[in-house]
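J.: attaching a predicted model along with its sequence, questions to come.
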Amino acid sequence: MDRFFIDFSSVLHLPVRQAMRRLFTIYPDDEPQAPAFRAKQIQAVLRLTPLTMLANVVNALLVANAFWPVASHAFLVFWVSAVFFAALTGGRSWFAMRRGELRQTASRRALRHAAVHASALAFLWAVVPVVLFDGADPHRQIVLACICAGMICAGGFALTTIPFAASLYVLILSIGSAIAMYRVPDSVFATLAGLLCIYGFIVIASVIETAHAFGARLMAEAHAERQAQVIGLLLRDFEESMSDVLWEIDEHGKWRHASPRLAEMLDTSIEELANAYLFDHLNRNMPDLAGEQAGTISKLRDLLSSQEPFRDFVIPLCVRNETKWWSLTAKPVTTPEQRPSGWRGVATDVTHARRAHEKIAHLAHHDNLTGLANRYQFLARLRTVLDSAAERSHIAVACLDLDKFKDVNDSLGHHAGDQLLQTVARRLLTATRQTDLVARLGGDEFGLLLTHADGPAEVARFAKRLLDDLEQPCELDGAKMTIGASLGIAVLPDGETDPSSLLRDADFALYAAKSEGRGRFRFFEPGMARTMQRRQLIERELRSAMECGHLTLWYQPQIAIETGAITRFEALIRWNHDVHGWIEPGEFIPIAESSGLIVRLGRWLLDRACAEAATWPAHLGIAVNISPVQIVGQDLCSQIGELLRTHRLASDRLELEITETAFLNESTATLDQLHALHATGVKLALDDFGTGYASLAYLRRLPFDTLKVDRSFVHEMLESQEAEAIVRSVVTLASTLGISTVAEGVESSEQLDALRRDGCTHAQGFHLGPAVPAESLREYFGPAEADRHLATG
């Protein structure tokens with residue numbers, strides 16, 4: 001709006017028309033409020049009209065009285081009458097404004113009409129000095145000069161809100177007075193005429209500046225009014241939707257200026273509030289949450305007694321059986337003598353924020369799926385118990401892991417897995433006491449904090465009952481499943497104060513229980529920590545060994561018993577650690593399977609075995625053990641096809657040995673994968689047959705080429721008739737199905753003879769040839785001995 005104040009130097013270089021427009025325009029032409037602004041311009045002039053018209057009439061009478069003896073009476077009468085008529089015209093407009101007949105908007109024509117009226121009045125006054133000044137005596141000249149000068153100033157500023165009309169008025173009257181003075185022969189009057197022109201210019205400049213200030217004020221008022229309307233609208237919307245309530249009490253705690261919102265907040269009426277006290281309503285409406293009611297009211301009394309402003313003091317109020325939370329902010333009210341006279345403040349409904357905070361806090365301390373405590377809360381509660389001397393001597397921590405959770409996820413989907421976790425959570429809560437804590441630590445692992453454990457014997461009885469409960473069938477998506485669990489228990493040892501260490505001990509015991517089979521529990525023993533540390537060392541070092549090439553493949557021959565000819569070699573992985581020496585596959589392969597390293601390890605083993613076999617004579621095959629994880633977890637068929645093409649190895653030279661444990665997690669995908677592999681020409685062998693997992697039905701449903709008789713039966717067949725009967729049955733079954741057999745672990749000629757008598761087709765073992773590294777294979781099939789036979793006697 002500062003741009004509507006005039007810098008007169010800025011108009012000097014403009015064309016006349018543009019300069020005039022700049023000088024006399026006091027607000028933008030396209031301003032939406034321009035019609036109202038024009039009305040206010042006219043109204044500002046009309047407010048002074050009674051005084052200005054009275055001045056015109058009085059001055060006209062003074063001039064007529066002064067010049068009556070020396071001037072034409074007809075001229076004076078006519079002139080005074082014209083002034084009276086002009087005054088009446090202005091007065092009529094003033095009366096119209098007083099009666100409210102003027103509209104609140106005006107057109108540009110109205111401003112032009114005001115300019116015409118001002119010009120006419122100025123012309124009437126300009127005629128007087130032109131006609132009377134030259135022939136008058138000095139005394140009358142002074143009277144007329146003073147009146148004209150005063151009329152120039154007074155009239156100009158009376159019309160200042162309409163700068164064009166004011167400028168015309170001042171200009172006409174100034175020119176008429178100057179002409180009159182120039183007509184007097186005395187040179188002094190010529191000087192006075194020049195000064196009068198300067199005076200008129202200054203009046204016009206002042207009028208224009210004042211007019212622009214008036215225009216700026218109109219703009220500012222309009223802007224403020226628009227803002228006030230917007231703010232008012234926003235305030236009304238806010239008042240209708242806000243959750244805030246204004247409140248005020250006197251120095252005794254009595255309600256003052258109670259509002260309907262406050263009455264609604266306290267579930268009462270304004271009439272009842274008029275004679276009620278703040279703390280009466282708090283005592284009646286505040287719920288005693290966790291026994292904190294008295295403390296909350298006491299804190300509020302202390303805040304009000306301190307006479308210091310406070311913010312965001314949260315209190316609960318129970319209204320119509322619903323608890324709401326209010327945040328109180330207030331400051332003290334004082335008398336003019338600065339004596340306390342009460343409190344004034346605002347109460348904000350923070351119920352939604354409070355509930356959201358409680359929900360976030362619950363999510364931070366509980367498992368979202370089962371509603372049980374999470375690991376964070378479990379450790380926090382355990383830490384609290386350990387810090388309590390009275391409780392710490394009677395606690396035990398248990399880690400529980402489901403035995404078939406992965407089977408449920410794989411066969412029925414994750415939705416069924418979630419149902420299973422919720423079912424287990426309910427059973428755990430039912431089996432434990434209210435003083436105990438059940439938590440989901442992650443995945444299918446749960447933690448139990450038993451706070452009143454009276455010795456290992458009672459904990460053992462509880463563990464057996466719990467595992468029996470979990471063995472009960474549960475219905476998942478319409479299918480009944482029997483889900484077992486394993487349990488590891490750590491009873492608080494003397495001096496133990498670290499929750500993580502106690503939970504770790506229970507985890508060690510859980511691992512020991514799972515290694516013994518399903519549905520078992522074990523108490524923590526110090527040796528378990530060493531076993532777990534060894535396991536962690538093996539896993540860590542195994543990763544490094546795979547990356548640094550410290551693993552090697554050795555090869556053990558399989559021979560045809562009747563001819564003694566080598567038919568294939570089995571690839572056996574070996575690990576000679578720089579520090580710990582030879583580490584048995586039976587130790588690190590299970591660790592690789594449980595840690596997920598078996599996928600990388602199995603791919604490496606297949607790649608190296610195929611690459612080596614490609615350098616052998618074409619009649620020799622290679623047997624490679626694969627893990628159940630490899631079959632289930634990836635597209636083994638395409639991977640093996642790629643390896644065979646890369647190393648140019650015929651598919652019928654590769655035999656994959658699958659342990660019976662692969663069928664613990666039988667699925668359609670597993671069977672399809674094995675059928676697809678066999679269709680490519682790759683041979684399949686069932687390893688460790690007869691150890692208890694595989695069903696005879698698999699021999700019909702899957703295209704096995706070889707059955708491998710477990711070494712435990714071979715070792716015992718000379719001393720145990722039962723073992724020999726099992727071997728004979730397996731061989732007979734395989735022969736009937738057209739499947740070859742390989743006996744593992746042959747260590748004597750007597751065992752080999754017995755296998756020959758029973759009809760076993762192939763054998764391998766130390767007696768027939770130990771496993772050797774790749775560089776030592778040349779003694780079996782050197783250039784001159786490609787068809788070498790092993791001694792079989």
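T.: Sure thing, it's come through.

J.: which other helices and strands contact the host helix or strand of Phe508?
T.: When secondary structure is defined using DSSP states H and E, the element that contains Phe508 is helix 499-515. Here helix 499-515 touches helix 375-387, strand 396-402, strand 485-491, strand 521-523, helix 526-548, going by 3 or more C-beta pairs under 8 Å, 6 or more residues apart in numbering; DSSP states H and E. Glycine gets a C-beta too; all of them are placed from N, C-alpha and C.

J.: what sits up against it?
T.: The list of residues contacting helix 499-515 from outside it, by C-beta atoms under 8 Å, 6 or more residues apart in numbering, reads 378-379, 382-383, 386, 397-401, 447, 486-490, 492, 496, 520-525, 528-529, 531-532, 535.

J.: now do the buried residues in stretch 709-727.
T.: Buried residues in stretch 709-727, counting neighbours by 16 or more other C-beta atoms under 10 Å, are found at Val709, Asp710, Arg711, Phe713, Val714, His715, Met717, Ala723, Glu724, Ile726, Val727.

J.: could you single out the nearest of those residues to Ile573?
T.: Taking C-beta to C-beta as the measure, Ile573 lies nearest Arg711 of the buried residues of stretch 709-727, at 17.4 Å.

J.: what's near enough to touch the closest one?
T.: Residues counted as contacts of Arg711 (C-beta under 8 Å, 6+ apart) are Glu744, Gly745, Gly765.

J.: Tyr277 reaches His252, doesn't it?
T.: Yes - taking contact to mean C-beta atoms under 8 Å, the distance of 7.3 Å between Tyr277 and His252 places them in contact.

J.: more neighbours, the two?
T.: Neighbours of Tyr277 and His252, each counted by other C-beta atoms under 10 Å, are more numerous for Tyr277; the result is 15 against 8.

J.: what bridges to the more buried one?
T.: On the basis of DSSP bridges, Tyr277 takes part in beta bridges with Lys254.

J.: please report how far it lies from Lys254.
T.: When distance is defined by C-beta to C-beta, to the nearest Å, Tyr277 is 5 Å away from Lys254.

J.: for Val314, same thing?
T.: Between Val314 and Lys254 the computed distance is 23 Å (C-beta to C-beta).

J.: still on that earlier bit, export the helices and strands packed on helix 499-515 to TSV and tack on mean neighbour count and distance to Met151?
T.: As requested, the helices and strands packed on helix 499-515 are exported to TSV (neighbours: other C-beta atoms under 10 Å; distance: least, C-beta to C-beta, whole Å):
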stretch	mean neighbour count	distance to Met151
helix 375-387	17	92
strand 396-402	25	107
strand 485-491	26	111
strand 521-523	22	117
helix 526-548	15	108
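
J.: can you list these in a markdown table and add distance to Gly478 and mean pLDDT?
T.: Supplementary listing: the helices and strands packed on helix 499-515 in a markdown table, determined by distance: least, C-beta to C-beta, whole Å; pLDDT from 0 to 100:
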| stretch | distance to Gly478 | mean pLDDT |
| --- | --- | --- |
| helix 375-387 | 33 | 87 |
| strand 396-402 | 20 | 91 |
| strand 485-491 | 23 | 90 |
| strand 521-523 | 31 | 90 |
| helix 526-548 | 39 | 78 |
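
J.: in TSV: these, plus distance to Phe157.
T.: Rendered in TSV, the data for the helices and strands packed on helix 499-515 read as follows (distance: least, C-beta to C-beta, whole Å):
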stretch	distance to Phe157
helix 375-387	81
strand 396-402	96
strand 485-491	100
strand 521-523	106
helix 526-548	97
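
J.: quick check: Arg701 touching Thr670?
T.: No - using C-beta under 8 Å, Arg701 is not in contact with Thr670; the gap is 11.0 Å.

J.: those two: which is more packed in?
T.: Set side by side, Arg701 and Thr670 show unequal neighbour counts under other C-beta under 10 Å, the larger going to Thr670 at 18 against 13.

J.: which elements pack onto the helix or strand hosting the more buried one?
T.: Using DSSP H and E, Thr670 falls within helix 668-679. Based on contacts counted as 3+ C-beta pairs under 8 Å, 6+ apart, the elements that helix 668-679 packs against are helix 628-633, helix 636-647, strand 683-689.

J.: buried stuff in that helix?
T.: By 16+ other C-beta under 10 Å, the buried positions in helix 668-679 come out as Thr670, Gln673, Leu674, Ala676, Leu677, His678.

J.: tell me the pLDDT at the last one?
T.: Put plainly, it is His678. Predicted confidence (pLDDT) for His678: 89.

J.: who touches it in this structure?
T.: Counting by C-beta under 8 Å, 6+ apart, His678 touches Leu684, Pro703, Asp705.

J.: for the residues you listed, which ChimeraX command selects only the ones that are buried?
T.: Applied in ChimeraX, the following selects the buried portion of the contacts of His678 according to 16+ other C-beta under 10 Å:
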select :684,705
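
J.: lowest-confidence entry in the contacts of His678?
T.: In terms of pLDDT, Pro703 ranks lowest among the contacts of His678, with 85.

J.: and the helices in the stretch 651-793 of the chain, which stretches?
T.: Along the stretch 651-793 of the chain, the segments classed as helices by DSSP state H, counting those that start in this stretch run 668-679, 697-701, 711-716, 721-737, 749-758.

J.: checking the closest residue to Pro309 other than its chain neighbours next. Helix, strand or coil?
T.: If the residues on either side of it in the chain are set aside, Pro309 comes closest to Lys331, at 3.9 Å by C-beta to C-beta, 6 or more residues apart in numbering. For Lys331, the reduced secondary structure class is strand; criterion used: DSSP: H, G, I helix; E, B strand; the rest coil.

J.: do you know how far Lys331 is from His452?
T.: For Lys331, the distance to His452 (C-beta to C-beta) stands at 52 Å.

J.: for Ser735, which residues are in contact?
T.: Taking C-beta under 8 Å, 6+ apart as the definition of contact, the neighbours of Ser735 are Thr741, Gly759.

J.: and the longest helix anywhere in the chain, what does it pack against?
T.: Looking only at the chain and at elements set by DSSP state H, the helix with the highest residue count is helix 187-241. Packed against helix 187-241 by the contact rule (3+ C-beta pairs under 8 Å, 6+ apart) you find helix 16-24, helix 34-67, helix 138-158, helix 163-182.

J.: switch the ones you listed over to JSON lines; also include distance to His366, mean pLDDT and mean neighbour count.
T.: As requested, the helices and strands packed on helix 187-241 are exported to JSON lines (distance: least, C-beta to C-beta, whole Å; pLDDT from 0 to 100; neighbours: other C-beta atoms under 10 Å):
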{"stretch": "helix 16-24", "distance to His366": "74", "mean pLDDT": "64", "mean neighbour count": "14"}
{"stretch": "helix 34-67", "distance to His366": "65", "mean pLDDT": "79", "mean neighbour count": "18"}
{"stretch": "helix 138-158", "distance to His366": "80", "mean pLDDT": "81", "mean neighbour count": "18"}
{"stretch": "helix 163-182", "distance to His366": "77", "mean pLDDT": "82", "mean neighbour count": "24"}
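
J.: of all those, which one comes closest to Glu547?
T.: Evaluated over those, closeness to Glu547 peaks at helix 34-67, with 83.3 Å, by C-beta to C-beta.
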